[in-house]
Structure formats: C-alpha cells, structure tokens
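**Q** Curious how this folds, go ahead:
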Amino acid sequence: MSALRHGPVPPDALVLCIDMQRVFLEPGPWHCPEAVAILPAVTRLVSARPAQSLFTRFISAETPKDAVGAWQRYYRHWESVTISRIGRAPYDLHPDLAAIARAENTFDKATYDAFDASAFADTIRTRAPEALILCGVETDVCVLATVFSAVDLGYHVILARDALTGADPKTHEACLHMLEARFDLQVEIADTDVILAEWTAP
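**A** Have a look, this model is predicted:
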C-alpha cells in the first residue's frame, strides 16, 4: 500500500524546482532565511532524476518603467533588486543547483506563475507527465501561483514539505494548510524521503 494518498509517484513525474536563486538564498532585500535549510532536500529531489527536473528563475524588471501595470509600483518599491541596480548574477541558481541544471531545462519568468513562461508551459505540455513534484521558494508566492495553474491543467501535484519554504513562516504554513484542506483531491504534501521512496522506476 502506498504511503501517498493517491498512490505511488508515477515514473514520468517531473520535479519543478522553483526559484532557488542566489537573490533568495543570500543576504539582501529578498533574502529567504530558511531557503538554505531546504537546499539539501531540494538537491536530493533534482539529483534523483536530473533529466526529469525543471528549474525556474524569477527575473526582475530592468527598471520599474520597464514593467507593466501594477508591476511598475512593485518595482518602484523593490527598485534595489532591479537588474539595473544589482545586475543579473544574483538571479542565477544557487551553485549547488546550477551544477545540476542545464540550459534546456532552466526557464526564466517575469511573473510568479511558472506557466506564464511559454517555454516552460510548452515543455510541460510536450512531456505530459502524470504528476508534478514541486520544491523551492516561496511557498506562498511563486510556488502557490504555479500550483494553481498546475491544478487547473489537471496535473496531480505533489508538494515536498521539507523542500519548500517562504520568508514568512506563518504564511508558509498557512498556505500548506489551505492547499491540504481545500485541494486534497488534486494536491498532496509529503516529505522528500516519502516522495523518493514512492517514485516508481521508469
């Protein structure tokens, strides 16, 4: 009997590593203090089947005026992390993950939802996995936005509890609780050890 509610992880499942970038893992305006703590679990997931792992990078606007709509207000507030101020290097993946990722499985996005990046969405559509395993940051922002799109598209979503975090522990936990309570037929949450043990061989 499977330890997961909806049965073993299918062999073609993809790992979506969301925004594990230097700008979030290193001290600075967008530092997510717990991101370093989840790095070992994230690394285990993407290392288990690198060819089935996709990486996203949230890339800020060049300047506030280059953004659209309310994003201009957002980047006026966060101007310190615009490309014109800090360059592109902080938006690189953490070195541990950059060593695993490849250009063809790394996708840049300008919004919270990974599916807004056409190349990412096309890759998911082409590979047509039965399930998506999500890890990374932040649970209550980019991860959440991506989960909602994945659910709407009909994917079985598995969240790696010990490989997710956010800058605010309270909203991180509230988000997991909400997803577990309200989306239990489409989303399930499990630790990395369980996910890997339940991931059936290809």
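**Q** drop to CA atoms for contacts and neighbour counts, all remaining ones
**A** Noted.
**Q** Apart from its chain neighbours, what residue comes closest to V147?
**A** V157 (7.1 Å; CA to CA, 6 or more residues apart in numbering).
**Q** isn't the one you found right up against E130?
**A** No. The pair V157 / E130 is not scored as a contact, 9.1 Å apart, by CA atoms under 8 Å.
**Q** neighbour-wise, which of the two wins?
**A** V157 (23 against 15; other CA atoms under 10 Å).
**Q** which strand in this structure runs the most residues?
**A** Criterion DSSP state E: the longest strand present in the chain is strand 156-165.
**Q** name the helices or strands packed onto it?
**A** Applying 3 or more CA pairs under 8 Å, 6 or more residues apart in numbering; DSSP states H and E, we find strand 156-165 packed against helix 35-48, strand 131-137, helix 144-152, strand 187-190, helix 192-198.
**Q** who does the second one pair up with?
**A** So the one you mean is strand 131-137. Paired neighbours of strand 131-137 in the sheet (DSSP bridges): strand 14-18 (parallel), strand 156-165 (parallel).
**Q** Among those, show me which one is buried the most.
**A** Most buried of those, by mean neighbour count (mean count of other CA atoms under 10 Å): strand 14-18, with a mean of 25.
**Q** Show me how far that strand is from its chain's centre.
**A** 6 Å (CA atoms, centre = their mean, to the nearest Å).
**Q** What of stretch 143-153?
**A** Using CA atoms, centre = their mean, the offset of stretch 143-153 from its chain centre is 11 Å.
**Q** Going by neighbour count, which residues in it are buried?
**A** Neighbour counts over stretch 143-153 (16 or more other CA atoms under 10 Å) mark 143-148, 150-151 as buried.
**Q** Using CSV, lay out those together with pLDDT and distance to P11.
**A** Output for those, formatted as CSV (pLDDT from 0 to 100; distance: CA to CA, whole Å):
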residue, pLDDT, distance to P11
V143, 98, 22
L144, 98, 24
A145, 98, 25
T146, 98, 21
V147, 98, 20
F148, 98, 23
A150, 98, 18
V151, 98, 19
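**Q** ok, these vs F183, which is closest?
**A** Of all those, V151 has the smallest distance to F183: 8.7 Å, by CA to CA.
**Q** can you tell me which residues contact the residue lying closest to that closest one once chain neighbours are set aside?
**A** Leaving aside its sequence neighbours, V151 sits nearest to Q186 (CA to CA, 6+ apart; 6.5 Å). By CA atoms under 8 Å, 6 or more residues apart in numbering, the contact list for Q186 reads 151, 154-157.
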